[in-house]
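# When you get a sec, could you give me coordinates for this:
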Amino acid sequence: MLFNRMESGRASISDAVHMEVITGLHGTTMPTVLAAACQAMVGTITTYETGDMVTAALTVAGVVVAVVRLFEIFAFRRRLARPPQLGRAEAARWERSYIAGTVATAAVLGVFAARSIVLGDALCSVMAIGIGFGFGAGVVARLALRPVAALLDLVAIAAPAAIVTFMQPDLRHVGLGLLILMYVAASFEMVRLSFNASINQITLKRQFEQLARSDSMTGVSNRSVLATDLPAMLAAGMVAVHTLDLDRFKEANDRFGHPVGDALLKLVAGRLKALAAANDLVVRMGGDEFVLVQRAADDAEAMAQRIVQSIGAPYDVEGQAIELGVSVGVAIAPDDGRTAEALLSRSDKAMYRAKQERGGYVLARDLRMADNIVPAASGLAA
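All right, here's what the predicted structure looks like:
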């Protein structure tokens, strides 16, 4: 039941949160470096004091595993800095690689501690077991959002030492084995509590971020999103910006009241979302102005036609049949501009030309062509 609840919570994590978790796992090299340094120091001392070559081999193995893990962490960081953005499947592969490294480290440390107990040197045993306990504490902190992986690490650290102690006939070793098992149980309880707290914290963080990006009335994005998302969309390729202003909305709002006006805005937003593709962006700029950013820019004029037809269809609000119109200005990158500011400015000018022509849509390129022709004609007349 406990694992089912944890795994269902893990599966419900969004792609963005999943990426945040994996990036966090690879966010520091210090635990890996410290674990290797501590094992190298204790292993060297133990080998010097006891002459045990098994301890020496385990020490070398621990350092090698740490080096491999460091290469994996740096490789992930280099991949994260390169396009395209990591997908969930690729991110999951990096996660499995990281977890395999932690389990390998835990297993080496667990056998290392068990070997120190067998050798019978009290101080060396204390140091070796201390490294294992310290690594276990780090597992609780780092892998709380991956409880199954955390349990594998804790068992890998504790099982060899616990088995060795229970094989000894005296009460002191049995007591040490019981302490190790109680440490694992307490650590996993901390993982469970940290898992629940972390999931709640990350979910709340994402909800607040989403609220900050959403228009509270219509549920579409607010204008602040354009500042962050539109430049990124431009960097990814050709886009079309459709700037919309509703016609006859003020008359409807004045005649039927603000509640009906609010309902109309929600219906308009719903129709725009229905027209938009999954990776398009619908934004309410404020009042009765909207922007639709379309990634499939080769279909821009057809999209403008669909917007005019859809928004112009009658609305039924509280039994009232209301008809609105819409004026749409369309600017297409890169011909109409290569920056977000240029595209928004030119689509806005095209929208005002459409409004002067009593609705419909106007392409920014048509305005540019007209601007080029008019001065030439004026010069000929002169």
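
# Buried residues of stretch 64-74, list them for me.
Val65, Ala66, Val68, Arg69, Glu72, Ile73 (16 or more other CB atoms under 10 Å). Every residue, glycine included, has its C-beta placed from N, CA and C.

# scratch that, stretch 171-191
Buried residues in stretch 171-191, counted by 16+ other CB under 10 Å: Leu176, Gly177, Ile180, Leu181, Tyr183, Val184, Ser187, Phe188, Met190, Val191.

# Restricted to helices, list the residues you listed.
Using DSSP state H, Leu176, Gly177, Ile180, Leu181, Tyr183, Val184, Ser187, Phe188, Met190, Val191 are the members of the buried residues of stretch 171-191 that sit in helices.

# the domain parsing of the chain - what is it?
If you go by automatic domain parsing, the domain ranges for the chain are 2-213, 221-381.

# would a markdown table of those with mean pLDDT be doable?
Below are those laid out as a markdown table (pLDDT from 0 to 100):
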| stretch | mean pLDDT |
| --- | --- |
| domain 2-213 | 87 |
| domain 221-381 | 87 |
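
# Wasn't His173 part of a helix?
Yes - under DSSP: H, G, I helix; E, B strand; the rest coil, His173 falls within a helix.

# Chain neighbours aside, what residue packs nearest to it?
Nearest residue to His173, sequence neighbours excluded (CB to CB, 6 or more residues apart in numbering): Thr165, at 4.3 Å.

# returning to that earlier point: now flag whichever of the buried residues of stretch 64-74 is closest to Leu244.
For the buried residues of stretch 64-74, the residue nearest Leu244 by CB to CB is Ile73; the value is 47.3 Å.

# how about the CA coordinates for the helix or strand in which the residue nearest to His173 is found, as CSV?
Using DSSP states H and E, Thr165 maps to helix 147-167. The C-alpha trace of helix 147-167 is given here as CSV (Å, rounded to 0.1, in the frame of the first residue of the first chain):
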residue,chain,number,x,y,z
PRO,A,147,11.3,6.3,-2.7
VAL,A,148,12.0,2.9,-4.4
ALA,A,149,15.5,4.0,-5.3
ALA,A,150,16.0,5.3,-1.8
LEU,A,151,15.0,2.0,-0.3
LEU,A,152,17.4,0.1,-2.7
ASP,A,153,20.2,2.4,-1.6
LEU,A,154,19.5,2.0,2.1
VAL,A,155,19.2,-1.8,1.8
ALA,A,156,22.4,-2.0,-0.2
ILE,A,157,24.3,0.0,2.5
ALA,A,158,22.8,-1.8,5.5
ALA,A,159,22.3,-5.4,4.4
PRO,A,160,25.9,-6.6,4.2
ALA,A,161,26.8,-5.1,7.6
ALA,A,162,23.7,-6.4,9.2
ILE,A,163,24.2,-9.9,7.9
VAL,A,164,27.8,-10.0,9.1
THR,A,165,26.9,-8.8,12.6
PHE,A,166,24.1,-11.3,13.0
MET,A,167,26.5,-14.1,12.0
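
# Not counting it itself, show me its contacts.
Helix 147-167 is contacted from outside by 3, 6-7, 10, 99, 102-103, 106-107, 109-111, 113-114, 117-118, 129, 132, 135-136, 139-140, 143-144, 173-174, 176-177, 180-181, 183-184, 187-188, 191-192, 195, using CB atoms under 8 Å, 6 or more residues apart in numbering.

# quick one: that helix to chain centroid distance?
33 Å (CA atoms, centre = their mean, to the nearest Å).

# List the buried residues for that helix?
Of all the residues in helix 147-167, those buried under the rule 16+ other CB under 10 Å are 147, 149-162, 164-165.

# Helices along the chain, start to end?
Counting by DSSP H, the helices of the chain are 2-11, 15-25, 30-50, 53-81, 88-119, 122-142, 147-167, 171-213, 224-236, 249-256, 258-275, 300-312, 340-356, 364-381.

# Can I get those in TSV including distance to Val283?
As requested, those are exported to TSV (distance: least, CB to CB, whole Å):
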stretch	distance to Val283
helix 2-11	31
helix 15-25	20
helix 30-50	42
helix 53-81	28
helix 88-119	26
helix 122-142	38
helix 147-167	39
helix 171-213	10
helix 224-236	6
helix 249-256	17
helix 258-275	9
helix 300-312	14
helix 340-356	10
helix 364-381	18
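
# right, and the ones you listed - which one's nearest Met285?
Closest to Met285 of the helices of the chain is helix 224-236 (CB to CB; 8.3 Å).

# count of neighbours near Ala354?
26 (other CB atoms under 10 Å).

# Over to the one 3 residues further on?
Glu357 has 11 neighbouring residues, counting by other CB under 10 Å.

# Kindly report the same for the one 4 residues further on.
Applying other CB under 10 Å, we find 24 other residues in the vicinity of Tyr361.

# my read: it touches Ala302, true?
No - applying CB atoms under 8 Å as the test, Tyr361 and Ala302 come out as separate, 10.6 Å apart.

# Report the contact partners of the closest residue to Ala141 other than its chain neighbours.
Counting by CB to CB, 6+ apart, the nearest residue to Ala141 once its immediate chain neighbours are dropped is Ser194, at 7.6 Å. Ser194 is in contact with Val140, Ala141, Ala144, counting by CB under 8 Å, 6+ apart.

# Next one: the second one relative to Leu25, how far apart?
Computed as CB to CB, to the nearest Å, the Ala141 to Leu25 distance reads 11 Å.

# Show me which of the two is the more surrounded one.
Neighbours around Ala141 and Leu25, counted as other CB under 10 Å, are more numerous at Leu25. The numbers are 20 against 12.

# leaving aside the residues next to it on the chain, what's closest to that one?
Tyr98 (5.3 Å).

# Relative to Ala149, how far out is that neighbour?
Here Tyr98 is placed at a distance of 9 Å from Ala149 (CB to CB).

# what does Gly286 give?
47 Å.

# Ala186 now?
Taking CB to CB, one finds Ala186 at 18 Å from Ala149.

# Asn200: neighbour count?
A count of nearby residues for Asn200, using other CB under 10 Å, gives 11.
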